[in-house]
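[1] here is a sequence together with a model predicted from it:
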Amino acid sequence: MNTDNRPGRHRAPGGYSPLGELQSIARASAQPAIKGAAVVAAAGGLVATLSAPASADTITESAPVAAAPVRVPKAAATVGPDATTSPPPAASTALSSIGYVASAPKKAAKPKPIVIKDVVIEKARKEAAEKARREAAEKARKAAAAKEAAAQARREAAAQKAAEKARKEAAAKRAAAEKARKSAERASRTASRAGTTKSTYKPKTSLNKPTSKTTTAKKTTVRATTGKRSSYNWATRGQCTWGALNKWYQSEGYYPGGWTGNAMEWAWGAANAGYTVSSTPRTRSIVVLQPGVHGSSRVGHVGWVTGVSGNKVTMIEMNALAGAYNYNTRTVTHTSGMKYIYAP
């Protein structure tokens, strides 16, 4: 009797369960490739069990056990970046013979990264960004305000400079006009004094006849004196008195003063104020007309003498023929009741 002792696993015919071993291998493995390999590895035992029970006795040479053919699985196409990964083994022919069809292994889905946010840090970042935005806006606002203030200051300075220039120009024009006016007044006064101070009035011959004890009569020339002055026109505006004082100022450059009253009282008042008063008509003088003389009112009348020709006196008067506030020129005949206040 020949005994064939072969190394390997020997169990009693009823003590081996290929399906149980496959389940234990599948549970112990987590990879689909290893599961397929386990199935292929155990396929031989499963087929052997189904075809003939295993025995621990010796097997004679006359009854050899044929091994099931095993097909080499084809390599599966590699998909993805890793081309070196070995493909899972294909199902064996033995499993296919009993109706088992191995499904293709599914490609594991790539897990999505889980992002864990820190709420406190996220809030701090948002607050810092908002603060930075507000600070930038405030800085831009201040810069714009400073720019506008500088522009306003420049505009105000330019306007002030222009106003000052216009004021100086206006003051210069007024000064030039005042200078021209005063120069014209001086020229007028000079011409008036040079050409019209002399009177052509000739008194009656009886006034110049010598007395019984005097063989000749002396002609005296009255010299005008300067009296008191006033800084303003003190008469009532629009009346003849105001008009006469205004013409005196235009001719002499000052207002006479030192007396008041109605026009018929002016000869006496001017004499008391220091001015020369005469009955002889002369230019550059105020003529005083008593009430009723040449249409004077009950309070008298005054005018400014501009010309004397013989006994004809030409005067400029206010509140006469032209009414209040208005001037007119009139020539009258010298008569009693007319006196003249001389300008020096």
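    Received the coordinates, thanks.
[2] downstream of the strand or helix carrying residue 135, the next helix or strand is which one?
    Element membership for residue 135 (DSSP states H and E) is helix 119-196. Scanning forward in sequence from helix 119-196 by DSSP H and E, the next helix or strand is strand 229-230.
[3] next SSE after that next one?
    helix 240-252.
[4] give me the sheet partners of the next helix or strand after that following helix and which way each runs.
    Following helix 240-252 in sequence order, the next helix or strand is strand 255-256 (DSSP H and E). Strands that pair with strand 255-256, judged by DSSP bridges, come out as strand 229-230 (antiparallel).
[5] looks like residue 322 contacts residue 328 (just checking).
    Yes: assessed by Cβ atoms under 8 Å, residue 322 is found in contact with residue 328 at 4.1 Å. Using the backbone N, CA and C atoms, a C-beta is placed for each residue, glycine as well.
[6] show me what the longest strand seen in the chain is packed up against.
    For the chain, the longest strand by residue count, based on DSSP state E, is strand 323-333. Packing partners of strand 323-333 (3 or more Cβ pairs under 8 Å, 6 or more residues apart in numbering; DSSP states H and E): strand 301-309, strand 312-320.
[7] can I get those strands in TSV including distance to residue 288?
    Formatted as TSV, those follow (distance: least, Cβ to Cβ, whole Å):
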stretch	distance to residue 288
strand 301-309	5
strand 312-320	11
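[8] can you add mean pLDDT, distance to residue 268 and mean neighbour count and give the ones you listed back as TSV?
    What follows is the helices and strands packed on strand 323-333, written out as TSV (pLDDT from 0 to 100; distance: least, Cβ to Cβ, whole Å; neighbours: other Cβ atoms under 10 Å):
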stretch	mean pLDDT	distance to residue 268	mean neighbour count
strand 301-309	96	13	23
strand 312-320	96	20	22
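[9] nearest to residue 132, of those?
    Nearest of the helices and strands packed on strand 323-333 to residue 132, taken as Cβ to Cβ: strand 312-320 at 84.4 Å.
[10] what strands line up against that closest one, and which way round?
    strand 301-309 (antiparallel), strand 323-333 (antiparallel).
[11] next, the buried residues of the longest one.
    Just to be clear, that refers to strand 323-333. Using 16 or more other Cβ atoms under 10 Å as the burial criterion, the residues of strand 323-333 that qualify are 327, 332.
[12] before we move on, back to that, how far off helix 240-252 does the longest strand of the chain point, in degrees?
    Using axes from the mean of the first three to the mean of the last three Cα atoms, to 10 degrees, the direction of strand 323-333 lies 70 degrees away from that of helix 240-252.
[13] worst-scoring helix or strand of the chain, pLDDT-wise?
    helix 32-51 (a mean of 55; mean pLDDT, DSSP states H and E).
[14] where does residue 106 land on pLDDT?
    On the pLDDT scale, residue 106 is placed at 74.
[15] how many residues are close by it?
    A count of neighbours around residue 106, defined by other Cβ atoms under 10 Å, yields 7.
[16] next, give phi and psi for it.
    Residue 106 adopts backbone torsions of phi -80, psi 140, taken as degrees, to the nearest 10.
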